[in-house]
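Enquirer: no FASTA, just this:
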């Protein structure tokens, strides 16, 4: 077991890793233009209703001049990037280092494929560079991202932005609450 003083010393170096991750993200994403962040399940398979809907929504957003930002993984994230890619639009992936879901999907421009170690840095990138949000059915990660945006709007840390929940049945409990 490490001594407490050694653990504290290692933690102080974390600050530089966090700063580097912010700097990389800001430098890469500062030029992407107007974008919409799309949140949703990593487990949604190609050819299913919500996957196809995400492709369609992302394609339409691209036609209207918006790029797409996703978590960069499979499922809804892949569908969002695929829709933007199909229309030659900006397609950004904000991947996260996890014990699973580590691979990025093939529909992200290499220059816009970011790998994050820290969830909070990743969430800043989702919000800072988005003019709106499309939220498809998903799990805890999707809910975390949605509630982060809702909290930032509620506390006036960001200006009100469009937040579209896709899938009336899935979100009914939240809407009732």
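Expert: Yep, it's here. Computed from a predicted structure; not experimentally measured.
Enquirer: what about the helices in this structure?
Expert: 4-29, 49-63, 76-86, 119-128, 140-154, 168-176 (DSSP state H).
Enquirer: Buried deepest among these, which one?
Expert: Mean neighbours per residue, mean count of other C-beta atoms under 10 Å, is largest over the helices of the chain for helix 76-86, with a mean of 27. C-beta coordinates here come from the backbone N, C-alpha and C atoms, glycine included.
Enquirer: what pLDDT, on average, does it get?
Expert: For helix 76-86, mean pLDDT rounds to 99.
Enquirer: Then stretch 131-140?
Expert: On average, stretch 131-140 scores 98.
Enquirer: And the contacts of that stretch?
Expert: When contacts are defined by C-beta atoms under 8 Å, 6 or more residues apart in numbering, stretch 131-140 is touched by residues 34-44, 50, 53-54, 57, 61, 66, 76, 80, 142, 145-146, 149, 161-167, 170-171.
Enquirer: how about CSV for the helices of the chain, with distance to residue 104 added?
Expert: Shown next, in CSV, are the helices of the chain (distance: least, C-beta to C-beta, whole Å):
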stretch, distance to residue 104
helix 4-29, 14
helix 49-63, 16
helix 76-86, 9
helix 119-128, 13
helix 140-154, 16
helix 168-176, 26
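Enquirer: between those, which gets nearest to residue 92?
Expert: Taking C-beta to C-beta, helix 4-29 is the member of the helices of the chain nearest to residue 92, at 6.9 Å.
Enquirer: What angle do helix 119-128 and that closest one make with each other?
Expert: Per axes from the mean of the first three to the mean of the last three C-alpha atoms, to 10 degrees, the angle that helix 4-29 makes with helix 119-128 is 20 degrees.
Enquirer: which other helices and strands contact helix 4-29?
Expert: Here helix 4-29 is seen to pack against strand 113-116, helix 119-128 when contacts are counted using 3 or more C-beta pairs under 8 Å, 6 or more residues apart in numbering; DSSP states H and E.
Enquirer: Show me the one of the ones you listed that comes nearest residue 12.
Expert: helix 119-128 (17.6 Å).
Enquirer: Which neighbouring elements make contact with the closest one?
Expert: helix 4-29, strand 35-39, strand 91-96, strand 113-116, helix 140-154.
Enquirer: and with 10 Å instead?
Expert: Here helix 119-128 touches helix 4-29, strand 35-39, strand 67-70, strand 91-96, strand 113-116, helix 140-154, going by 3 or more C-beta pairs under 10 Å, 6 or more residues apart in numbering; DSSP states H and E.
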